[in-house]
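Chemist: Please find the sequence and the predicted model below.
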Amino acid sequence: MLKIIDYSLYLVTDQGLSMGRDLVDVVMEAVAGGVSIVQIREKSSETKAFYDMARALKSRLSKTQTPLIINDRVDVALAVDAEGVHVGQSDLPCHIVRTMLGPDKIVGVSINTYEQIKEAEQQGATYLSLSPVYPTPTKTDTTEPFGLSGLQAARKMTQKPLITIGGINQSNIREIMSTGMDGVALVSAICSAPSPKEAAAELSGLISEVRK
């Protein structure tokens, strides 16, 4: 059975936004600051480079018991024994990924419309990622933003863990978490920060304020 996963501060990687720093170092700094789960999303990486990065991160993250999620690449996730895979609406269908990974791995699904929530539930998704909550420059292929009212509506539709991504930063994270989300996914707010550890610690503190 899956253990209880803390989705509260979900880091999605982007080497291009990491200010020239080693991505593994950026991730481990962020985890030291409070990141609770990590997804490797490196769309431009070749397979060998992606695998090498995933293997290095899996080794380091295992020591902190931080789950590693692989974006899209089920083969890489299986090769490094990652905790799970995240798929978008144009990737392999959730039920296929679930069959490939088995019942005990995490399968996250990007959700762009309300109709996709029930579909992902029925196909065996572990958690759902509502995208985007606000307009964001890091994801240009998205639909109309959910906004705060949209997050509240989605929360009423499912008991599955819900996270959201898109335009989230220190200024709005509390109002987003107040809609009933289980977590927020961030890219540039951590990867591009002068100190990923300090940025993660600040964001984690803001989330904790809402959870009290």
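Modeler: Good, I have the coordinates. Remember, predicted model here, so these are calculated numbers, not experimental data.

Chemist: use CA for all of it now, contacts and neighbours both
Modeler: Noted.

Chemist: where are the low-confidence patches of the chain?
Modeler: 1-2, 136-142 (pLDDT under 70).

Chemist: any chance you could map the strands in it?
Modeler: 9-12, 37-40, 68-71, 84-87, 106-111, 127-130, 162-165, 183-186 (DSSP state E).

Chemist: and of the ones you listed, who's closest to Val24?
Modeler: Nearest to Val24, of all the strands of the chain, is strand 37-40, at 10.3 Å by C-alpha to C-alpha.

Chemist: who does that closest one touch, helix- and strand-wise?
Modeler: Other elements packing on strand 37-40 under the criterion 3 or more C-alpha pairs under 8 Å, 6 or more residues apart in numbering; DSSP states H and E are strand 9-12, strand 68-71.

Chemist: Just the residues contacting the last one, thanks.
Modeler: In this structure, residues lying in contact with strand 68-71 by C-alpha atoms under 8 Å, 6 or more residues apart in numbering are 37-42, 54, 57-58, 61, 76-77, 82-87, 106.

Chemist: what's the spacing between it and its chain's center?
Modeler: Offset of strand 68-71 from its chain centre (C-alpha atoms, centre = their mean, to the nearest Å): 8 Å.

Chemist: try stretch 29-38
Modeler: With C-alpha atoms, centre = their mean, you get 12 Å for stretch 29-38.

Chemist: And for Asp22, the neighbour number?
Modeler: Using other C-alpha atoms under 10 Å, the number of residues around Asp22 comes to 10.

Chemist: which residue packs closest to it, ignoring adjacent ones?
Modeler: Nearest residue to Asp22, sequence neighbours excluded (C-alpha to C-alpha, 6 or more residues apart in numbering): Gln15, at 8.0 Å.

Chemist: Correct me if wrong: the one you found contacts Leu23.
Modeler: Yes: here Gln15 reaches Leu23: they are 6.0 Å apart, a contact under C-alpha atoms under 8 Å.

Chemist: mind listing the helices for this structure?
Modeler: 23-33, 47-62, 74-80, 94-101, 115-122, 147-155, 173-177, 188-191, 196-211 (DSSP state H).

Chemist: Ile4: how many residues sit nearby?
Modeler: Ile4, neighbours per other C-alpha under 10 Å, totals 6.

Chemist: how near is it to Gln65?
Modeler: 12 Å (C-alpha to C-alpha, to the nearest Å).

Chemist: Adding distance to Pro161 and mean neighbour count, write the helices of the chain out as CSV.
Modeler: Shown next, in CSV, are the helices of the chain (distance: least, C-alpha to C-alpha, whole Å; neighbours: other C-alpha atoms under 10 Å):
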stretch, distance to Pro161, mean neighbour count
helix 23-33, 21, 20
helix 47-62, 22, 16
helix 74-80, 21, 18
helix 94-101, 16, 18
helix 115-122, 11, 16
helix 147-155, 9, 16
helix 173-177, 12, 19
helix 188-191, 22, 24
helix 196-211, 15, 19
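
Chemist: Now render those as JSON lines, adding distance to Gly167.
Modeler: Converted to JSON lines, those look like this (distance: least, C-alpha to C-alpha, whole Å):
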{"stretch": "helix 23-33", "distance to Gly167": "18"}
{"stretch": "helix 47-62", "distance to Gly167": "26"}
{"stretch": "helix 74-80", "distance to Gly167": "27"}
{"stretch": "helix 94-101", "distance to Gly167": "25"}
{"stretch": "helix 115-122", "distance to Gly167": "21"}
{"stretch": "helix 147-155", "distance to Gly167": "10"}
{"stretch": "helix 173-177", "distance to Gly167": "10"}
{"stretch": "helix 188-191", "distance to Gly167": "9"}
{"stretch": "helix 196-211", "distance to Gly167": "14"}
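
Chemist: With that, I have no additional questions.
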